[in-house]
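[1] just the structure for this:
(3 chains)
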Amino acid sequence: MGLPVQKVKSPGERLFDLFLILVCAFVFLIVAYPLYFVVIASVSDSTLVATGKVTLFPRGFSTFGYEEIFRDARIWVGYRNTVVYTFLGTFVNLLFTLPAAYVLSRREFRARRFLLFFFVFTMFFNGGLIPTYILMKDLHLTNSMWVFILPFSVNVYNLIITRTFFETSLPKELYEAAAMDGCSHFSYFLKVALPLSRAVVSVIGLYYLVAHWNDFFTGLVYIRSNGLQPLQIVLRDILLSNQVFAEGAGAGGAAGGYAQRYADQVKYGVIIVSTLPVLLVYPFIQKYFEKGVLIGSVKG
Amino acid sequence: MKRGTAVLLALSMGAALLAGCSGNDGGGGNAGGNAGGSPAEASGGSSGAAKVKLKAIITKHPLTQELSKMEWLRQAEERAGVDIEWQEVTADWGQKKGTLLASGDIPDLIIGPNAITDADYAQFPGLFQDLTELIAKDAPNVQKMFEAKPETKVIATQTDGKIYGLPKYQRFWPATATRQFINQKWLDNLGLKMPTTWDELYDVLVAFKEKDANGNGDANDEIPMDFAPVGTLGFGYFQPTVLLGSLGITLSDGSGQGYFAEDGKVKNFLVDERYKQVVEFLNRCFAAGLINPEAFTQDYTKFQSVARGTGETAKVGFSWGWEVTDRFGNALAPQYASMPPLKASADSTVQTSWDYDYNSLNYGVNMATMSAKSKHKDAAMKFVNELYDPKVSMQVLFGSLGTNIADNGDGSYKVLPPADASMDPGTWKWTSTWADNGPMYIADDLKLTLGTDMQSVGKQTEPLMPSIDAIDKDNDVLPGMFIKYSKDDNNAMSLVNTNLMNLAMAKFSQWVTKGGIDNEWDSYVQNANKIGLPQNLEMMQKYYDDYKSKTK
Amino acid sequence: MALQSGKAPIGASGVPAKGSGTAARPPRTANYRKAFARDYPLWLMIAPAVAVIFIFNYVPMYGIQLAFRDFDFTKGLTGGEWRGMHYFSQFVHSYMFADLMRNTLFISLATIVFGFPAPIALALILNQVKWKRAKKTLQTTVYLPHFISVVVMVGLLNVLLSPNTGIVGHLMDALGYGDVNLLASTKAFVPVYILSDVWQHCGWNSIVYLAALSAVDPQLYDAAKMDGASRWQTIRNVDIPALVPTIVILFILSMGGVLATGFEKVFLMQNTLNLPVSEVIATYVYKIGIVSNQFSYSAAIGLFNTVINFAFLYAVNVLARRFSNISLW
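    Residues are numbered from 1 along each chain as shown, chains lettered A, B, ... in the order given. Take a look at the predicted model:
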């Protein structure tokens, strides 16, 4: 990349660069401003936010929203649970998904088309919530941490993305060469395919991880004890207790004024509190997107 | 297939084992956490060896603190000899409920306002316990309520004569949820009088708009009129439908889907000429810029924030709300005055009416429901009976004796102001206890002095009282919760109502903001008929007549 | 010349595969045992995924019957009276049917048309940024909005788009469109819905394309440079071909969503003024569902939806296999 040729740029190249810079700057501003707004709104007076007085800088500064969020003891239980569910869950996801995706990428595998159909069918057809709930109850998965980890541990969408990646970016000759050396499918998968596919493994890992992190429905439907609830449920409870209720006021003078001032602070604070930890994971994954991961192994 | 089942079985057993271990783990951790958090719970646990263990779900308000911190509840459980493991639901109950009921997986007791509905009782026969005998055997307090307030028994009894859910009676609430406020300071600033007719209101609002009514030097920042966001599912409180009162229509419990009663006939205002007049008036106001242009798109939070203005400067001239400090905030509340219902025109001879909500504000149905599969029905009923002891009931509603209610020593009680000075009394109540979401019987002879919030609600209702007193409660109020529909009729009616709301709510906002009601009215009424409104009215009339013949 | 050779490895993985798929297919019955003996390690590797899908997805499918039966609690979930197509015809003949179909199709097709290409374009652009710090910052920024929950997202839209107080409202005012209320207009509903969707998920969805681009052999870029290809030509001849398999697969999947609009966002963005264009199947089912548990009716509408989606997916998949040799199955 660092060839001296690069320094001499044609007018076309310059135009391209200019175009690129403009587009990037535009995208950045469009995306970043609302995010910045969330941050300043989380420390500004809610009435001022709702009436459009907060645009560039926080106004009526207070950290009440965060105090309210962290005052709730349940949030730490929620964090702990979610971290456990996320890491264990993602591990199980990858354990089940990656080998399956590899198998489905092997064109010589006879049952391939049938199995793909078997998987894709479930993206559309399902028995509905009630039979699923009864199944979970019969398997004693309700009100247990395993309900976050075992059921639906293979996401067909992710499976297909991984399969497509294996299919298109692993040169076919590679397996033939390995098989010649007496390499089984299993060791080829572990020693060659996986290391060459770090990019997709990290993407799928990220997709799974974030899905677990944001999972709110499982806790809502299957969990009864507060001690098992994930972060998203706890945050939602906190959010709701700081909401202004239309019906609340009517049904008997409920929480009006008190909640009012801080409703938005809590709302925006919750986004930040729930997003920051995932944000910290991203750089580790991003580095696998750098080019040249593949080339070394193929050559070697 | 058989082999498949075997594999499945093997796998599921593995999973079951794993699940069993973790379930216990999680549960243990939870109990430990709770006990650590509150000494009350810990002591209750240690002395509870001989107690009956029950499971219960409560659908509580999101503000409400953990149940383990409620002293009155601990005492009530103690007296009933039960130890209840509570599951506290604050959100998405509807979603949870469907799965729980359909899979039959319900705890001994379910507590909460209409947490299980009449439709649920009809749809899930055999799942819930008929309480009739248990009440006779274990619940003297519930019997007392049924004797003193026979209507509570009426609303609890299903069409088949059985009682699955227990009602509540909370006595103190006003006859309407919606009060009408106008900014008296603005009127004074501009030398205007409080309007008494629609035309006078129109002129006042124009003055609010054109002049610098709030006196901050900016003549354009006043919002003359604002109302609560109109939802897609129907009308609600604090909305301009109360103007129908000027034309003699009495809304019952907000009449969200338009149904009301007049001279013993069930009608729907959505296809009534008088509704057309109200919409035309609102359109005239909207076209003149007198209504907040965001009235139809803002959410409730914004509706509330806008009215709070900035500091001492008010933004909104005329609006509706529950209570003045709740609506406009403590700083601005003194500027506003409560206003009587308007007459449609100066020469109108129609007796004005108002939204009549006494029933829905003071009674509630299906507050406590028991599972038919419960192994400890007597114990569960005894616990529920405790809640209906008037002295416990007042603590259900306002909080524990000592912290929230003072015992005056002479058999009378007084609701205390919030211990946290930054809270308003309403918030304090909802934070401390089950409040309106609990089963209760506040007997009429209980001597209890209310807090400042409820007293001021009473005062702000006074200008409305002449109109409310004039309502013929027997023939002009639709007794919503007193009428029980059969399952099939209920399903058929609610389908029609879903489609009707879809049509009517879109048209309402379109006509107010853009006009055109004159041209579209006839085809709109035709559409409403096509959807099935006449059949609904007929059905409701039948049930209504039936109800009236029984109560006479 | 070099560019053509650059294409070769990408095609190479596809072309021989086609050969093995069609020409080298042995007679079926005789070779099953042999094939299994050869493939059994593969079967072992895929067994856990198959088991999990079978148990948690296929076992509960008996519940689909509910769409054809009355729900009768006393007789068990699927013991109610058989009603055949009753609930389907109730839906098709309902007053709302035409409106619902039109709105749903319009919103989801528009989402595909605008939402689908956006992440591809973004990935290609990001891939061109050579300044690493800028690239990282931009990448992290664009994927962040994905984490905002729908409730907050709609709240944010309300604040920013409010004609009186929002920053976009002010901007529109400055451009001379001050009297347009973006939240209220039936014309603006779909654009606002889609643009905000692109805003929120474009960055996140571009991640998978970036991963595909990262697998491009750097030698291809060097070769392109040697040939004096402009960067635009490099994008067209190296980057885009590398993305094609992923694009085709994701496009097939997205076509399986022609009748699938998210429920929550549409519902939260609904108000009485945009209702004529914002009532979709999902929100209608919800409204029917909350009034009373009409399990059978909502199951029938859900199944109706699913069958149409699946038919689309199936058709597009057949087309894709015929014309591109890339397909789901």
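
[2] every contact and neighbour count from this point should use C-alpha atoms.
    Noted.

[3] mind showing which ranges of the chain have poor pLDDT?
    All of this is about chain A. By pLDDT under 70, the low-scoring segments of chain A are A:1-8, A:242-263, A:289-300.

[4] ah, no, chain B please
    For chain B, the stretches with pLDDT under 70 are B:1-49, B:552.

[5] would you map out the domains in it?
    Chain B breaks down by automatic domain parsing into domains covering B:3-170+B:364-389, B:179-355+B:460-465, B:481-551.

[6] chain center to stretch B:70-88: distance?
    Mean-position distance between stretch B:70-88 and its chain equals 26 Å (CA atoms, centre = their mean, to the nearest Å).

[7] what does stretch C:298-307 give?
    The chain centroid and the centroid of stretch C:298-307 are separated by 18 Å under CA atoms, centre = their mean.

[8] in that stretch, what's buried?
    Across stretch C:298-307, burial judged by 16 or more other CA atoms under 10 Å in any protein chain shown covers C:298-306.

[9] and the helices in the stretch 301-450 of chain B, which stretches?
    Assigned by DSSP state H, counting those that start in this stretch, the helices in the stretch 301-450 of chain B fall at B:324-332, B:358-362, B:377-387, B:390-398, B:425-432.

[10] export those to CSV and tack on distance to chain A?
    Formatted as CSV, these follow (distance: least, CA to the nearest CA, whole Å):
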stretch, distance to chain A
helix B:324-332, 5
helix B:358-362, 6
helix B:377-387, 20
helix B:390-398, 11
helix B:425-432, 4
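
[11] make CSV out of those and add distance to C:Pro48 and mean neighbour count.
    Putting the helices of the stretch 301-450 of chain B into CSV (distance: least, CA to CA, whole Å; neighbours: other CA atoms under 10 Å in any protein chain shown) gives the following:
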stretch, distance to C:Pro48, mean neighbour count
helix B:324-332, 58, 21
helix B:358-362, 55, 20
helix B:377-387, 45, 22
helix B:390-398, 52, 24
helix B:425-432, 48, 24
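
[12] closest one to C:Phe97 among those?
    helix B:358-362 (34.7 Å; CA to CA).

[13] what about the closest one, distance to the chain center?
    Centroid separation between helix B:358-362 and its chain, computed with CA atoms, centre = their mean, is 9 Å.

[14] okay, it in PDB with CA atoms only?
    Output of helix B:358-362 as PDB, limited to C-alpha atoms (Å, rounded to 0.1, in the frame of the first residue of the first chain):
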ATOM      1  CA  TYR B 358     -67.800   8.500  39.600                       C
ATOM      2  CA  ASN B 359     -68.200   4.800  39.000                       C
ATOM      3  CA  SER B 360     -64.900   4.200  37.300                       C
ATOM      4  CA  LEU B 361     -63.100   6.300  39.900                       C
ATOM      5  CA  ASN B 362     -64.600   4.800  43.000                       C
END
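
[15] does the residue most central in space within chain C lie in a helix or a strand, and which?
    With distances taken as CA atoms, centre = their mean, chain C has C:Ser254 as the residue nearest its mean C-alpha position (3.6 Å). Following DSSP states H and E, one finds C:Ser254 within helix C:240-255.

[16] out of the buried residues of stretch C:298-307, who's nearest chain A?
    Using CA to the nearest CA, C:Thr306 comes nearest to chain A of those, at 5.9 Å.

[17] test my guess that the closest one contacts A:Phe124.
    Yes: C:Thr306 is within contact range of A:Phe124, at 5.9 Å (criterion: CA atoms under 8 Å).

[18] which intervals of the stretch 1-150 of chain C have sub-threshold pLDDT?
    Applying pLDDT under 70 to the stretch 1-150 of chain C picks out residues C:1-31.

[19] mind doing that once more with 50?
    Within the stretch 1-150 of chain C, the stretches with pLDDT under 50 are C:1-24.

[20] now it against chain A: closest residue?
    With CA to the nearest CA as the measure, C:Met61 is the residue of the stretch 1-150 of chain C nearest to chain A, at 3.7 Å.

[21] mind listing what's buried in stretch A:62-72?
    Applying 16+ other CA under 10 Å to stretch A:62-72 flags A:63-66, A:68-69 as buried.

[22] in CSV: the residues you listed, plus distance to B:Gly480.
    As requested, the buried residues of stretch A:62-72 are exported to CSV (distance: CA to CA, whole Å):
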residue, distance to B:Gly480
A:Thr63, 45
A:Phe64, 42
A:Gly65, 40
A:Tyr66, 43
A:Glu68, 40
A:Ile69, 40
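
[23] go through the residues you listed and name the one nearest B:Ser412.
    For the buried residues of stretch A:62-72, the closest approach to B:Ser412 (CA to CA) belongs to A:Glu68, at 36.8 Å.
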